[in-house]
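# okay, sequence plus prediction incoming.
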Amino acid sequence: MPERNIMRRKWRAGPRIAVVTLLAIIFPLLFSERPAHAADPPGAECLMCHGEKSMTTTRAGKTVSLYVDGKKFASSIHGSLGCTGCHADLEGKDFPHEKPAPVKCGTCHTTEQEQHARSLHGKAIAHGDPLAPHCVTCHGNHDIVPVKDARSAVAPLKVPFVCGQCHREGTTVSRNRPIPQDNILENYSESIHGEALLKKGLSVAPNCATCHTAHLILPHTDPASSINRKNIAATCTKCHTQIETVHRKTIRGELWEKQANVLPACPDCHQPHKIRNVFYAQGMADADCMRCHADEKLRRARDGKSMYVNAAEVNHSRHSEEPGRLRNVACSQCHSEVNASHVRPCETITHEVDCTACHDEIGKQYAASIHGQLFNKNDPNAPTCKECHGTHGILGKQDPQSSTFAVNVPGLCARCHREGQKAAVRYTGLQHEIISNYTESIHGTLLKNGLTVTATCTSCHTAHQILPRNDPASSVNANNVPTTCGKCHHGIEEQFENSIHAKRVSGYSKPLPVCNDCHTAHSIHRTDENSFRLNVMTTCGRCHQQIAETYFDTYHGKVSKLGYTKAAKCYDCHGAHDVLAVTDPRSHLSRANVAATCGKCHAGATRRFAGYLTHATHHDPRKYPFLFYTFWGMTALLLVTFVVGGMHTLLWLPRAFQMRRELRAAEAELAVANEEGADV
Amino acid sequence: MSNGGVQRRQFVRFSRLQRILHICMIVSFMSLALTGLTLKFSYTKWASVLSHLLGGFENAGYIHRTAAVVMFGVFVTHLVDLYKLKKREHGTWIALLLGPGSMTMNRRDLTEFVGTLKWFVGRGKRPAYGRWTYWEKFDYFAVFWGIAVIGSTGLTLWFPVFFTRFLPGWLLNVTTIIHSDEALLATGFIFTVHFFNTHLRPEKFPMDITVFTGRMPLEELERDKPREYEELVASGKLEEKMEEAYPAIVTRTIRAFAWAALAVGFSIVLWIIYAMLFAYR
């Protein structure tokens, strides 16, 4: 191309004799360059093979062309670098060479590389997302030309299509990645920006990269993002520099000064990708909606569902514009597919309200939760945002009227999880009557008494990341339970994590007990209640079977069996959450501590006193020989005594009966004699 | 008895104090047995029901220790009584132990035992027993043995902190076994062998209540303890040992008490047998 320009210039500038001059100039040029090309043409050596269109290889079972268009490459901005300028690892390699390493554009394009790495595209690559775009995805490879060149893949007019490869409806990315905006490319092309760029060829009209930046693309929730609420004004004012003065007129001037906190950000009115006209120019958008939706009789033709919107409810909601509320949200910000140019702006709506457009992080949590998983499987039972939070009247969880206010949470979850309801019916685990058990539990009782900081369903199961307990990520998974309970019971968690029951301490591979194994999950009661004290041996005995059995062979166990709550239970001696092996010097039962532990009940207890065997059995001759032989000695004494005494008595019986008969006979004789005497 | 009304004067076998001590013994022994066995057989349903009836385990413990004190009292009172008897009638302990009417086993008891066994198998007449038969003496010393063994071990369990100042802690496990098994022996023996041998013998059916009234008809003494009767007749001291019989109302009350004690005793025996056979561990 430079040669041609020179030629033109020569033609224009010079007279005909210039042809001679031209030839005189050109020929030496051509000839002087040819030998140079032959000696070291950038990529010529490579093109000997890669210049052949038939050159292919097989990768992952697919035939891949290895053809490089030499001309295009030579005319690209990287043409002068030669092949090894980018494929540096092939320098001096013998043929045929191995598959080259991925080209590192960042070697030269440091800034772009660094921005890209921070962007969500770069992070996706780092996470190993196969759909994430690399440099070549947008820029191409061997035919890269400067952005200002109309042939560039990323020339302004082409950018929407480059981005649209992935961010248009129906692509793998749009279907599989959580992108809160719909019909991005379509909406953009219809927007005032898109129309200017695509239809009218106004290359200064903003394309995707203008707002999202080219390389540092970040989600709007990221404070560093160019489209973050805080930054969006700056992004828009890159072009709309005087827009503030316009707004001063449009929005009552004082709002800018008095209520800067409720000041809408650009996309609140000018919806992203749809920017055409301001809603407000056509009148208040909400008012437009309410023209129809204020009618209490309004019904949806499809299914007769009431489409009435109670304005008062909305005005009291968290999304209202009342002072002190979070912010004012217009109807169309949630019902986002409205088209203000239609008579019925809502007729373009095709999707349900997507709360994740703003509540992005929560949306991700929900999608990963069991509720979200079921929703993605189109399960009709799956609760969505509105099942718990409501719709127009949505309130914050701090509001006592809110369905998500602590006191109301159990009732909210109970709608599905109460016995007999849809969630309880499909549940196959061991936890039943969870709502009634919770209500009677210590947490439930405290909640009933109005203690809002006590644990409700969401305190343990989380609000949005609810997962079944067998999921390793679940807050109620055995591995996470101590942390979950520790959110409130921090001191106890600390003790527990240092106890023998913590995997870290015991190094035991089998499942170890966590909070709920002893305290239960939903029917947690106070541990000073009799039922807990009397049942704890059975609880510990689930794992410590033998030691629990022998406990019942000695005094503490026997009186506990009889319902005596004061007698020492497992944790009175071993400790509850800080239970340690008795060999551990920190254990309550270590040589140094045992007397003090006994002394809690037995004032004045000594080390010798602690020698009492609280888990002894007289059935084990090897472990407790003295008990074994005492027992059998006593048993022998009993047997001998009973056998001798019993035999003596049994042998006596016949004689005793004989004596009785004789006595009766003598009595009868005496009676007869008396009668006769009386007669005489 | 039909002739009870006829014969108003009866032979006095037991002193007032002895009778009182026997009743105290019954009450304390029954209480100790009931409360103690609930602990020994704590794993049976019976035990927990009984424990609740007694006002919970803690109450049962109070009853047990109170009864133990009563029994120690009975024991000490008896020793004091023996001391007085020694001073009054024998002068020295040796005389008390070896003299006539002594509770100590002697050569004659051996011959009577052999004679009894012969009588049992039909090879001889019933021996002419004196004031105390050998089985009565056995029962008497069994109580001494029992109080010594059960009492001492019981004290170690009552005051474990004190005893472990000079005894090893594991000894409490040993004394527990001795205490409870010796108690089992005592209850088992009293409620079967002693009941039969002294109170429920067929020839005395329905019940011998001499130990409560202290009196027995003279012909019964003549029949049951012929040697004592003959000795008394020979020495001419019989008449001074005769007293008025108690009115019928007193004997009826005593009989009711005795039957109640018997019923409790037999229930305990049945419970022990049940626990040993079906629930033992």
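Received the coordinates, thanks. Numbering: from 1, shown residues only, chains lettered A, B, ... in the order given.

# how close does A:Gly575 sit to B:Phe138?
52 Å (C-beta to C-beta, to the nearest Å). C-beta here means a position set from N, CA and C on the backbone, and glycine is covered the same way.

# strands along the chain, start to end?
As the question left the chain open, I've gone with chain A. Along chain A, counting by DSSP state E, strands occupy A:56-59, A:62-65.

# I was thinking of chain B, sorry if that wasn't clear
Along chain B, counting by DSSP E, strands occupy B:9-12, B:215-216, B:242-244.

# off-centre distance for the last one?
To tie it back to what came earlier, the one meant is strand B:242-244. Mean-position distance between strand B:242-244 and its chain equals 25 Å (C-alpha atoms, centre = their mean, to the nearest Å).

# over to the first one?
For strand B:9-12, the gap between its own C-alpha mean and the chain's C-alpha mean amounts to 22 Å (C-alpha atoms, centre = their mean).

# which of the strands of chain B sits most buried?
strand B:215-216 (a mean of 22; mean count of other C-beta atoms under 10 Å in any protein chain shown).

# please name the nearest non-neighbouring residue to whatever residue of chain B ends up closest to chain A.
Residue nearest to chain A within chain B: B:Gly169 (2.5 Å; C-beta to the nearest C-beta). Excluding its sequence neighbours, the residue lying closest to B:Gly169 (C-beta to C-beta, 6 or more residues apart in numbering or on different chains) is A:Gly611, at 2.5 Å.

# burial of A:Ala656, as a residue count?
By the measure other C-beta atoms under 10 Å in any protein chain shown, the count of residues near A:Ala656 is 19.

# for the residue in chain B sticking out farthest from the centre, what are its contacts?
Largest separation from the mean C-alpha position in chain B: B:Arg165, at 35.0 Å (C-alpha atoms, centre = their mean). Neighbour list for B:Arg165: A:Thr606, A:Arg608 [criterion: C-beta atoms under 8 Å, 6 or more residues apart in numbering or on different chains].

# ok, now the one 3 residues further on?
Contacts of B:Pro168 were listed using C-beta under 8 Å, 6+ apart, and they are A:Arg608, A:Gly611.

# again, but for A:Leu512
By C-beta under 8 Å, 6+ apart, A:Leu512 lies in contact with A:His501, A:Ala502, A:Lys503, A:Ser506.

# kindly report the same for A:Arg504.
A:Arg504 makes contacts with A:Glu497, as judged by C-beta under 8 Å, 6+ apart.

# repeat that with 10 Å
A:Arg504 sits next to A:Glu497, A:Asn498 when contact means C-beta atoms under 10 Å, 6 or more residues apart in numbering or on different chains.

# ok, A:His648 next?
B:Phe113, B:Thr116, B:Leu117, B:Phe120, B:Trp135, B:Phe138, B:Val193, B:Phe196, B:Asn197.

# most neighbours among the contacts of A:Leu512, which one is it?
For those, the largest number of neighbours (other C-beta under 10 Å) sits with A:His501, at 22 neighbours.

# residue in chain A nearest to chain B?
A:Gly611 (2.5 Å).

# pLDDT score assigned to the closest residue to B:His22 other than its chain neighbours?
Closest residue to B:His22 apart from its sequence neighbours, by C-beta to C-beta, 6+ apart: B:Val211 at 5.2 Å. Note on B:Val211: pLDDT of 89.

# show me where pLDDT drops low in chain B?
For chain B, the stretches with pLDDT under 70 are B:1-7, B:281.

# rerun at 50
For chain B, the stretches with pLDDT under 50 are B:1-6.

# which stretches in it count as helices?
B:16-40, B:45-53, B:56-85, B:93-98, B:107-120, B:134-158, B:160-163, B:170-189, B:210-213, B:218-224, B:226-235, B:248-278 (DSSP state H).

# all set now, cheers.
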